[in-house]
Structure formats: C-alpha cells, structure tokens
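Asker: Dropping the sequence and predicted coords here.
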Amino acid sequence: MIIIYGYLVIWKLNLNWTDDGTLNLEAEEIVKRTRFKIKVCHGPKSKELSSMLTHDVGHIIPDEIFMVAPTWGDTNDDEQKKLPTKLFIFYEFDVDDKLMWKWLDDKAKNVYKNWKCTINTIRKENPGKIPEEFEHRPDEWNWLLKHFESDGFTRRSIANKSNRDKKTLHHHTGERPFIYNAKELKDKARVNTSILSKVTHKRMTQLTT
C-alpha cells in the first residue's frame, strides 16, 4: 500500500501540478499507477490527502446518496454505508480509526448540506424547472421540493441567514481538522486555547479591508 503523510513523496508517479504549485491528485490515478490502495492513518493529516478525500466525498454524495432526508445524520444506514463502500475502492483505513471516521462523518455532513443548498439556489433561480442532476431522480426531486417549501425549512433558512449576517469571526485554517491545529500549536509553543482562537480566526473586517 502507499501511505500518504504530511510531505507527499510520490515524485516518480509524475502526477500533475497546478499553477499555484500544489499537487493535483486523483485517488484513482494513484491506485492505477502504484497498484496499491491509499492508506489513511488517524485521519487525513496532509493537505494533499485531505484535498483528495474531500474531492471524492464531494462527488460520491451527490451522485450516489438517495436525497430524501433533511441532513446527513437523518439518512438511513444503507445510504450512509455507500460512502465508505465507494471510498474503500481506492482507500484503506482501519475500521477502529475514530479520527478518520469522525473526519469522514463531518465532511459528509458539510457536503450533504452544501449540496442541498446548491440545489435550492438552482431551484429559486429557475422556478418550475428540474435541475439536470435530478431529471432521472423524480422521487428525490419531489421530496426536495416539499422540503424546501415547508414552514420548518423556511424558518431555519431565515434564522441561518440572520446568524451569518451577525457573524464577526471567520475560520481560516482550511480543510485541516481543528484538532490537528490545536495539537500542533500546543506541541510547538505550549500555547493556551485563547492564543489558538486568535490563530484560527480573523475578524470579518480584517478580511474585507
């Protein structure tokens, strides 16, 4: 198996690099060239591995999951099992790896929520038209329409928008799990949580000036 950590040593694979100097990785290409699955140990600690997994989760959920639940946590077990089943084609991680499963569950929640948000935006911009992603998924689209038009969803949408408008802090550490940033800072500088908060957040006014 090929194990990927913080500094990815796979130059011999002759993979693609983006214009900004980062590695453009695809799990399928790596597995094809190495003939080994990608081993993930204690969560995706490297930026490259996190990016790869995020990309794959972001494709699996919209393409494979039957979307008839308000949140990822509300989907049934059979639907949720589709995600690791698809990932296991190219990745390998321990079933007892709690960090990995926590990362995967958190990522799935965000992807599912963002996908729903995207579809709702398309719906509002194109009233009466079925998005091409759901042209052959009528049951899911009918459920989504009722869900988006329900009183509960409308109230939550208004409340969430209001909360976003009030937000003054913006998380800016990217895909890397917060727990890793906390451990790294504590190991290097023995800092307290108040310093960690300053490192991982910026005022919205700072970002717009």
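Answerer: Right, received. Where do you want to start?

Asker: Run through the helices of the protein in chain order.
Answerer: 27-34, 47-64, 77-87, 98-125, 138-148, 151-166, 178-189, 193-200, 204-208 (DSSP state H).

Asker: right, and those helices - which one's nearest Pro70?
Answerer: With respect to Pro70, and counting by Cβ to Cβ, the nearest of those is helix 138-148 at 6.6 Å. Just so you know, the C-beta spots here come from the backbone N, C-alpha and C atoms, and that holds for glycine as well.

Asker: by how many degrees do the closest one and helix 98-125 diverge?
Answerer: Put simply, helix 138-148 runs at 80 degrees to helix 98-125, going by axes from the mean of the first three to the mean of the last three Cα atoms, to 10 degrees.

Asker: Report the buried residues of helix 138-148.
Answerer: Neighbour-count burial for helix 138-148 flags Glu140, Trp141, Leu144, His147 (criterion: 16 or more other Cβ atoms under 10 Å).

Asker: what does stretch 41-55 give?
Answerer: Of the residues in stretch 41-55, those buried by neighbour count under the rule 16+ other Cβ under 10 Å are Cys41, Gly43, Pro44, Lys45, Ser46, Glu48, Leu49, Ser50, Ser51, Met52, Leu53, Thr54.

Asker: Tell me the span between the first and last residue of it.
Answerer: Distance between the boundary residues of stretch 41-55 (Cα to Cα, to the nearest Å) amounts to 18 Å.

Asker: which one is Val111 nearest to, not counting chain neighbours?
Answerer: Ile61 (4.8 Å; Cβ to Cβ, 6 or more residues apart in numbering).

Asker: what bits of this structure have low per-residue confidence?
Answerer: Scanning the chain for pLDDT under 70 picks out the ranges 1-25, 159-164, 167-209.

Asker: let's see 80
Answerer: Flagging of the chain using pLDDT under 80 yields the residue ranges 1-25, 41-48, 156-209.

Asker: circling back: I'd like the buried residues of helix 138-148 as JSON lines, with distance to Lys32 appended.
Answerer: Putting the buried residues of helix 138-148 into JSON lines (distance: Cβ to Cβ, whole Å) gives the following:
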{"residue": "Glu140", "distance to Lys32": "32"}
{"residue": "Trp141", "distance to Lys32": "35"}
{"residue": "Leu144", "distance to Lys32": "36"}
{"residue": "His147", "distance to Lys32": "39"}
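
Asker: Which of those sits closest to Arg123?
Answerer: Distances from Arg123 to these, taken by Cβ to Cβ, are shortest for Leu144, at 7.7 Å.

Asker: Contact partners for the closest one?
Answerer: Going by Cβ atoms under 8 Å, 6 or more residues apart in numbering, Leu144 touches Met67, Lys116, Ile119, Asn120, Arg123, Phe134.

Asker: And for Lys109?
Answerer: Going by Cβ under 8 Å, 6+ apart, Lys109 touches Thr71, Trp72, Gly73.
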